[in-house]
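1. Sharing a model prediction with you, sequence too.
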Amino acid sequence: MNIFTPKPKQKELVKVLVDTLLEIIETINEKDIIEDLLTNKGTRICDKLKKYFDMITGFECCVCIKTTHYKNKQTEDLSEDLNLYTLCRDAESTKKGRGAIDVYSKNNPNAAHSVFNNTDFMHIWMQLMQGKFDSWHSNDLKNEPNYLNSSKIFYTHLKEPLPYKSSISVPICSNLKNTEHSGMIVRLWGYLCIDCNESGRVFDKERDKPVLQSISMPFFNFICKEIIPKQPQ
């Protein structure tokens, strides 16, 4: 047997990643509504990544895309009124109710999710300020004493603070190698997040970060090329 022949699972994993990249670069229809296009394309990307991480971790995972840019609010500065919004989730997570909070938060200013109350975002931001493309990840969020997530207020009916125990997030931003870093933040549009309601050996930074980075950077390029130029000024 050829020792370089991938195992069936490895073949399937590669196929899922290729399909995800093809989804990102697929030509869009000029008649598409920009906001709907981004959400729909993002959902399909989340669906494919969920399939990948369900297989690679052996656990059921949830995938979402978070952004500070909603309804054309193009904010580059870190300010007190800068909030996070969930652009989309994988379809299965939405069906199970995770998406209800997203809709409520978008439509109710008093339920805004400040970036300062989100450890994932702040860690990614601070690393980018130092010129580093880094991920946030933990396989035991319950025992992360300084972990902040503004969504906790929506899950008081649960036994646990959040409906997941592990997570990994990577920035959706410009390529640091092609950006002159002069003390200012590079263009950070949001981040891609995978979470799981299991703890322990779920996510592996060395294994999972490059995979997520290979998706998040082309997605940012898609946004810059196909979305931002077509938004109302």
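-> It's in.
2. Quick one: mean pLDDT for the longest helix belonging to the chain?
-> When the chain is parsed with DSSP state H, its longest helix is helix 34-57. Confidence over helix 34-57, taken as the mean pLDDT, stands at 87.
3. contacting residues around the residue nearest to residue 209 when sequence neighbours are not counted?
-> Sequence neighbours aside, residue 135 is the residue nearest to residue 209 in space, at 4.7 Å (criterion: Cβ to Cβ, 6 or more residues apart in numbering). Just so you know, the C-beta spots here come from the backbone N, C-alpha and C atoms, and that holds for glycine as well. Neighbour list for residue 135: 124, 168-170, 205, 208-209, 212-213 [criterion: Cβ atoms under 8 Å, 6 or more residues apart in numbering].
4. any idea of the mean pLDDT for the helix or strand containing residue 190?
-> For residue 190, the element it lies in under DSSP states H and E is strand 188-196. Mean per-residue pLDDT for strand 188-196: 91.
5. contacts for that strand?
-> With Cβ under 8 Å, 6+ apart as the criterion, strand 188-196 contacts 49, 53, 57, 59-69, 84, 87, 120-121, 124-125, 128, 164-173, 202-203, 208, 212, 215-216, 219-220, 223.
6. burial of residue 210, as a residue count?
-> Residue 210: 11 surrounding residues under other Cβ atoms under 10 Å.
7. and the angle from the helix or strand where it lies to strand 188-196?
-> Assigned by DSSP H and E, residue 210 falls within helix 205-222. With axes from the mean of the first three to the mean of the last three Cα atoms, to 10 degrees applied, the angle from helix 205-222 to strand 188-196 works out at 140 degrees.
8. Now do residue 6, the pLDDT please.
-> 46.
9. State the distance from residue 49 to residue 148.
-> Residue 49 is 24 Å from residue 148, where distance means Cβ to Cβ, to the nearest Å.
10. That should have said residue 25, apologies.
-> 35 Å.
11. same deal with residue 114?
-> Using Cβ to Cβ, residue 114 is found at 9 Å from residue 148.
12. Beyond the lowest-mean-pLDDT helix or strand in the chain, next helix or strand please.
-> Sorted by mean pLDDT, DSSP states H and E, the helices and strands of the chain end with helix 98-107, the least confident at a mean of 56. Sequence-wise, the next helix or strand downstream of helix 98-107 (DSSP H and E) is strand 113-114.
13. That next one packs against which elements?
-> strand 83-89 (3 or more Cβ pairs under 8 Å, 6 or more residues apart in numbering; DSSP states H and E).
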